[in-house]
Structures are given as C-alpha cells and as structure tokens.
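S.K.: whatever this is, show me its structure:
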Amino acid sequence: QVQLVESGGGLVQAGGSLRLSCVGSGDTFTNYNMGWFRQAPGKDRKFVTFIRKSGTTYYEDSVKGRFTVSRDNAKNMVYLQMNSLAPEDTAVYYCAARQRPYSGTYSDTNAYDYWGQGTQVTVSS
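M.R.: Predicted coordinates for the structure are as follows:
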C-alpha cells in the first residue's frame, strides 16, 4: 500500500496561485491512478481532478482552465497547480490513490483506496 502526504497549502489572495504537492511512499507509484479532492467546512468531499498512470487527466468543470494536475513517477509525486484562485476554492485538499484497475469511475471518493491527511487552502477576497 502507499502512504500519501500533501503539502503546499496556505493563505492566498483571490487571483493568486498555489501549487500543492503529494508524495507517495511504500509502494511503486506507477501502480496508482491519482486524484485530488477538496472539502469545504460543512460540506462533502468533492472531486477536483484525476490523473491516470498514462498521464490522461480529467477535471471538475469549475477548475478547468485554472487548475493543472501533473505527476512525476520517478519522484513519486503528484502536483496540483492552482491559478486564478477564488474564495470558493477554500477547502482542505486531499490527494488520493486508486490501486484497483481503472473502471471509468474517478469522481467518487469510493473509487480510491488511499488518502492523504489533507492540506488547507484558504483564499481571501
């Protein structure tokens, strides 16, 4: 199994940028398809983006054109570059790994096997 640790969160003004990182350890990173989710206070955890082992990416509509996911398998890293941040992007951001074969489902939390502890992103207006 893989252990995931996120970093890079913080406080940023609206319109600013942040890059989140997620490092995996304990298993070969190329065994996993990876996702990012976020959870605002009092709300459910929601899908942000997904990157397959092949590098194919998918995005939730509200982040398309603003967020970019990438991975560096040699470093066991997944990144989330977030630009043009808005107050509604404020949330705890979670990295997740899917070990099961890809089945076309990637936006549901149940599609993932392992989770990081999350990193807080706060966007001020």
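
S.K.: Gly118 and Arg38: what is the separation?
M.R.: 9 Å (C-beta to C-beta, to the nearest Å). C-beta: built from backbone N, CA, C; applies to glycine.

S.K.: could I get the phi/psi values of Val63?
M.R.: Main-chain dihedrals, Val63, degrees, to the nearest 10: phi -110, psi -10.

S.K.: OK, contacts around it?
M.R.: Shown in contact with Val63 (C-beta atoms under 8 Å, 6 or more residues apart in numbering): 48-49, 82, 89.

S.K.: name the SS class of the residue nearest the centre of the chain, please.
M.R.: Taking C-alpha atoms, centre = their mean as the criterion, Trp36 is the residue nearest the geometric centre of the chain, at 2.1 Å. What DSSP: H, G, I helix; E, B strand; the rest coil gives for Trp36 is strand.

S.K.: cool, Glu88 as well?
M.R.: Of the three states, Glu88 takes helix under three-state DSSP.

S.K.: ok, now Phe50?
M.R.: Classification of Phe50 by three-state DSSP places it in strand.

S.K.: does it have any beta-bridge partners, and if so which?
M.R.: For Phe50, the residues forming beta bridges with it (DSSP bridges) are Gly35, Tyr58.

S.K.: for it, give its distance to Thr57.
M.R.: Separation of Phe50 from Thr57 (C-beta to C-beta) stands at 7 Å.

S.K.: look up how far Ala96 lies from the residue nearest to the centre of the chain.
M.R.: Separation of Trp36 from Ala96 (C-beta to C-beta): 7 Å.

S.K.: isn't Ser83 up against Ser17?
M.R.: Not quite, residue 83 is Asn, not Ser. Yes: Asn83 lies in contact with Ser17 (C-beta atoms under 8 Å); the separation is 4.7 Å.

S.K.: which phi and psi does the residue nearest to Val121 when sequence neighbours are not counted have?
M.R.: Nearest residue to Val121, sequence neighbours excluded (C-beta to C-beta, 6 or more residues apart in numbering): Gly9, at 4.8 Å. Dihedral angles of Gly9 (phi, psi; degrees, to the nearest 10) stand at phi -70, psi 170.

S.K.: understood, closing this out.
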